[in-house]
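1. Sequence unavailable; structure follows:
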């Protein structure tokens, strides 16, 4: 029986596995975690709106009824491309077809030491760490008698104004607006500042310009300070320094969050070395129009790690691209089993949305620009629908409904090691 | 204005703070965590039935409308009993009355090295660690080709058959029964063993004997192996050794959970040293009938750390005792402000319940013994009602309802550092 091994249980890997459920082949899904993570809602965990488990579903549960599929929680450390074996930390598994969807991780553009100070947002642990950092800052400020140091605790810098940065900054502004007055006794709402930095001249620069402008207005209305066309040059525990048109500037702050960029997982190196894959400047694997690696028709790369151009521009690293690529890889495998040829992959862009806060957001849906309440509502609906299991859909629905009615963020709990 | 400082936001401290809400005095609640933890449901987090944040409520949220009260997240490290100051890691706060409710922690009876192998269940981090350990064992077993090592991964030992141990063992037996068959491909239900150990001749030995027998029958029906009248003599990463009537016995296992005992927090030492408090054998502070320390009418001790006898027997460390003690301390403070004398504290025992699994449990409610479905149902209802905030009540209700209908435990997510 044809053996398909899928590495990574993100959107790409999981959608590939699901699309193979009726086939007469054996599927093995390998992930170092035991769950599928719904990354688009990570920032809500980081800002205390959702619980960590509500955006994570055990891979075994999603695939439990799929009898041709086994889930293995294991660390895949190497590849024997000639011998068709995936090397795990303990043992190796043979494959006839391999699908690699190991995604991306944070990048600090050579300043790796900043990671300890300015966490990015890629994993549940990152989200818990950021939540710890944000909530602890308010607690420390409440306790701090010195006004200058208190302001430092209450200054939050978000680096990177893509969707994640915009969503983080908006949610933090809402925390300040909705909870400082009622929950704290010493600190005042005006003591808090949220700065959103980007080197680009506008926020959400993959969106149409008119939507970037709408998003900027909505952010400013929420109390976010935008600092565009600036470049961060230093991050330390007491603040951040950045260069502007006019020179350099320093912000005294205790919390810097990093949403400025990602790079492919370490499997980019493994595929380059073991399978001779070529890469783009950021390390993504250049794939054929059928998502395989040149010279290795049996190895597919899907999701954030794959580099493919469509209509002259590279596809971006978002969940819908990964889902469609995963499903496409499964289709090619099915076609091959039936001796049919496959059409090249083509991403169908249903739209793109970013939420800023309650009743606030921007996006393009099926080519139509939307903003404000309608963008926000469609965003909520789509994210709820795409959650991988019914219980989490129900729980997230309850949380969002409750929060809408009461302005209460329930998961504001400081756990785990300090950020 | 009279200054009340409350140390600890558990059941004792929180109920004291709440009972002072209408008084013309200032209340400061100090806790090193920012939340009140509903400890009776911790085992459900440890076994993947609930999310961590669902049993934790930010103290600020519970007390947000109480204008005479400030919450401080801080570490209280010492006491200046003569000068009436609570010493924090940064600074000190003056008090006229101090209420100490810092609770209990795990004890390994002199074998502290076992803690790294056999976690106890007192904090959210403990619960996450235990969940990690349990879930990871199933994942490792699924991957393990050697049958003997696989059995070792699937052997779970719970030390201590009080309420926590019984509840943990029952929940683990349900995980085996409800999920192994559907979610895994290599392991079989019969490969798993759950052993519940206790030195006493019966489980739940604070309950009437007939209820212990009922609990034992229910545990055995769920597949739990009881080993009573045994004493653990060694715990290591590969197994546990215990002495029986006949000699010693060894169990090969990868997971040992500790529910065998607690001792008071480090504030027991501080109160003994700084305020001359006397202690019982286990380190609990011996208090006057009004819960103050002899010689210090301005210091109350409430909850698991207080030692007080009633009708010839010491009060046990359960949530209802702590709640009533906290409320009583507030009453004494109010009486003093009004120049009234107070009646000595008296615990009103409404009942005691332990749940074993779906439709299974035992307990005494208002003097009437109950078991099976009715005990289970009353337990669910009471725990739901006592959760500190409405959103968590709603979420836990949704989870329990969903789990009852589908047998699905949604929070089976392996996060955080390995156990």
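-> Structure's in. What do you need? Keep in mind the model is a prediction, meaning the values are calculated, not measured.
2. Residue numbers of the stretch 51-200 of chain A in contact with chain B?
-> A:51-54, A:56-58, A:60-61, A:64-65, A:70-74, A:90-91, A:124-125, A:128, A:135-136, A:139, A:142-143, A:182-186 (C-beta under 8 Å from any C-beta of the partner chain). C-beta here means a position set from N, CA and C on the backbone, and glycine is covered the same way.
3. Mind checking which of those residues are in helices?
-> If you go by DSSP state H, these have A:60-61, A:124-125, A:128, A:135-136, A:139, A:142-143, A:182-183 in helices.
4. ok so residue A:289 is a helix residue?
-> No: inclusion of residue A:289 in a helix is not indicated when DSSP: H, G, I helix; E, B strand; the rest coil is applied; the result is coil.
5. Skipping adjacent residues, who's closest to the one residue in the stretch 251-400 of chain A that gets nearest to chain B in space?
-> Chain B sits closest to residue A:391 of the stretch 251-400 of chain A, with a gap of 4.4 Å, by C-beta to the nearest C-beta. Excluding the flanking residues, the one nearest residue A:391 by C-beta to C-beta, 6 or more residues apart in numbering or on different chains is residue B:410, at 4.4 Å.
6. And residue A:272, by the same measure?
-> Nearest to residue A:272 is residue A:279, by C-beta to C-beta, 6+ apart, at 5.9 Å.
7. picking that back up, can you say which of the ones in helices among the residues of the stretch 51-200 of chain A next to chain B are buried?
-> A:60-61, A:124, A:128, A:135-136, A:139, A:142-143, A:183 (16 or more other C-beta atoms under 10 Å in any protein chain shown).
8. For stretch A:216-230, give me every contacting residue.
-> Contacts with stretch A:216-230, where a contact means C-beta atoms under 8 Å, 6 or more residues apart in numbering or on different chains, come from A:161, A:166, A:169-170, A:173-174, A:176-177, A:193-203, A:242-245, A:249, A:356-357, A:360-362, A:371-372.
9. which sections of the stretch 1-150 of chain A are below the confidence cut-off?
-> Residue ranges of the stretch 1-150 of chain A with pLDDT under 70: none are present.
10. again, 90 this time
-> For the stretch 1-150 of chain A, applying pLDDT under 90 flags the ranges A:90.
11. List buried members of the contacts of stretch A:216-230 by neighbour count.
-> A:161, A:166, A:169-170, A:173-174, A:176-177, A:193-199, A:202-203, A:242, A:356-357, A:360-362, A:371.
12. what ranges do the helices span in the stretch 251-400 of chain A?
-> A:267-275, A:319-337, A:373-386, A:390-406 (DSSP state H, counting those that start in this stretch).
13. got any ranges where the stretch 251-400 of chain A has weak pLDDT?
-> In the stretch 251-400 of chain A (pLDDT under 90), the answer is A:261, A:366, A:388.
14. What residues does it have near chain B?
-> A:389-392, A:394-395, A:398-399.
15. In PyMOL, select just the buried ones from these.
-> Of these, the buried ones go into a single PyMOL selection, burial set by 16+ other C-beta under 10 Å:
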select buried, chain A and resi 389+391+392+394+395+398+399
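16. closest to residue A:44 among the residues of the stretch 251-400 of chain A next to chain B?
-> Nearest to residue A:44 among these, counting by C-beta to C-beta, is residue A:399 at 8.7 Å.
17. Quick one: residues contacting the closest one.
-> Taking C-beta under 8 Å, 6+ apart, one finds A:49-50, A:54, A:410-411, B:391, B:395 in contact with residue A:399.
18. coming back round to it: could I get the contacting residues of the residue of the stretch 251-400 of chain A closest to chain B?
-> By C-beta under 8 Å, 6+ apart, the contact set of residue A:391 is B:398-399, B:402, B:406, B:408, B:410.
19. give me that answer again for 7 Å
-> Contact analysis of residue A:391 by C-beta atoms under 7 Å, 6 or more residues apart in numbering or on different chains lists B:402, B:408, B:410.
20. From those residues, which shows the smallest pLDDT?
-> Within those, pLDDT reaches its minimum at residue B:410, with 78.
21. if I've got this straight, that residue is in a helix?
-> No: counting by three-state DSSP, one finds residue B:410 to be coil, located in no helix.
22. What does it show for phi and psi?
-> Note on residue B:410: its backbone torsions stand at phi -80, psi -20 [degrees, to the nearest 10].
23. need the contact list for it.
-> Neighbours of residue B:410 in contact, by C-beta under 7 Å, 6+ apart: A:53, A:391-392, B:399.
24. could these be laid out in JSON lines, adding distance to residue A:101?
-> As requested, those are exported to JSON lines (distance: C-beta to C-beta, whole Å):
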{"residue": "A:53", "distance to residue A:101": "22"}
{"residue": "A:391", "distance to residue A:101": "25"}
{"residue": "A:392", "distance to residue A:101": "21"}
{"residue": "B:399", "distance to residue A:101": "30"}
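25. Which one of those residues is nearest to residue B:32?
-> Distances from residue B:32 to the contacts of residue B:410, taken as C-beta to C-beta, are shortest for residue A:53 (24.4 Å).
26. Quick one: residues contacting that closest one.
-> Here residue A:53 is in contact with B:51, B:410-411, B:413 (C-beta under 7 Å, 6+ apart).
27. want to throw those into CSV with distance to residue B:14?
-> Putting the contacts of residue A:53 into CSV (distance: C-beta to C-beta, whole Å) gives the following:
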residue, distance to residue B:14
B:51, 21
B:410, 28
B:411, 25
B:413, 29
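28. which of those lies closest to residue B:81?
-> If you rank the contacts of residue A:53 by distance to residue B:81 using C-beta to C-beta, residue B:51 comes first, at 40.7 Å.
29. Give me the neighbour count for that closest one.
-> By other C-beta atoms under 10 Å in any protein chain shown, the residues close to residue B:51 number 25.
30. from the ones in helices among the residues of the stretch 51-200 of chain A next to chain B, which is closest to residue A:155?
-> residue A:136 (14.0 Å).
31. my guess is the closest one meets residue A:414, correct?
-> Yes: with contact defined as C-beta atoms under 7 Å, residue A:136 reaches residue A:414; the gap is 5.9 Å.
32. For residue A:367, give its distance to residue A:50.
-> 30 Å (C-beta to C-beta, to the nearest Å).
33. follow-up on the earlier one: please work out which of the helices of the stretch 251-400 of chain A is packed deepest.
-> helix A:319-337 (a mean of 21; mean count of other C-beta atoms under 10 Å in any protein chain shown).
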